[in-house]
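Enquirer: Got a predicted structure plus its sequence, pasted below:
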Amino acid sequence: MPRSQRNDNFIDKTFTIVADILLRIIPMAPGEKEAFTYYRDGMSAQSEGEYAEALQNYYEAMRLETDPYDRSYILYNIGLVHTSNGEHTKALEYYFEALERNPSLPQALNNTALICHYRGEQAIQQGDPETAEAWFDQAAEYWEQAIALAPGNYIEAQNWLKITGRFGE
């Protein structure tokens, strides 16, 4: 049984009902509808921490989806799964692929910045302040791009940029 048919909570059920209605009324090619179904099932599995199942669904959605914009969101979600699994290098690859298809995806820029910041923190713990500064500078670049796209978001990042003197460099 597809995951979309076994959602247990109210929000998932509501989302599934709305998505099913949209799939019926919006003109789409059959492959696009199938891709969306896999994408939706991937999001549902991901929200329940079923990352292997989520990845299977996302990969199938990628196989079927042809629109670069829609593919960017699938790639972004694959990146999220890898981030959740601590696979930061893999996550970055998917965030970059998402940004290639959709440069206006601030959440991918934010998550890339978070990984860079995390790596900067790791470098500090390892006693390598020069490498840490390079990672922090990289994080600042990505956060500035994300903030430019979504000025009301990422307040903590804006504060960090101001506190560290990196805002507007």
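Expert: Cool, got the structure. Source: prediction; values computed, not measured.
Enquirer: Ramachandran coordinates for the nearest residue to Asn77 once chain neighbours are set aside?
Expert: Closest residue to Asn77 apart from its sequence neighbours, by CB to CB, 6 or more residues apart in numbering: Tyr58 at 5.8 Å. (Glycine included, C-beta is placed from N, CA and C.) Main-chain torsions, Tyr58, degrees, to the nearest 10: phi -60, psi -40.
Enquirer: Tell me which residues touch Tyr58, please.
Expert: 38-39, 42, 74, 77-78, 81 (CB atoms under 8 Å, 6 or more residues apart in numbering).
Enquirer: In CSV, list the residues you listed along with secondary structure, distance to Pro106 and neighbour count.
Expert: CSV is the format used below for the contacts of Tyr58 (DSSP: H, G, I helix; E, B strand; the rest coil; distance: CB to CB, whole Å; neighbours: other CB atoms under 10 Å):
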residue, secondary structure, distance to Pro106, neighbour count
Tyr38, helix, 25, 23
Tyr39, helix, 20, 23
Gly42, helix, 21, 27
Ile74, helix, 17, 27
Asn77, helix, 15, 21
Ile78, helix, 18, 25
Val81, helix, 19, 21
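Enquirer: nearest to Gln126, of these?
Expert: Val81 (26.9 Å; CB to CB).
Enquirer: wait, isn't the closest one in contact with Tyr51?
Expert: Yes. At 4.9 Å, Val81 and Tyr51 qualify as touching, with contact defined as CB atoms under 8 Å.
Enquirer: Name the helix or strand for the residue nearest to Leu99 when sequence neighbours are not counted, please.
Expert: Counting by CB to CB, 6+ apart, Leu99 lies nearest to Ala108, which is 5.3 Å off, once chain neighbours are set aside. For Ala108, the host element (DSSP states H and E) is helix 106-125.
Enquirer: Which is the succeeding secondary structure element to that helix?
Expert: Following helix 106-125 in sequence, per DSSP H and E, is helix 129-149.
Enquirer: Can you tell me which helices and strands that following helix packs against?
Expert: helix 106-125, helix 155-163 (3 or more CB pairs under 8 Å, 6 or more residues apart in numbering; DSSP states H and E).
Enquirer: repeat that with 10 Å
Expert: Where contact means 3 or more CB pairs under 10 Å, 6 or more residues apart in numbering; DSSP states H and E, helix 129-149 is packed against helix 88-101, helix 106-125, helix 155-163.
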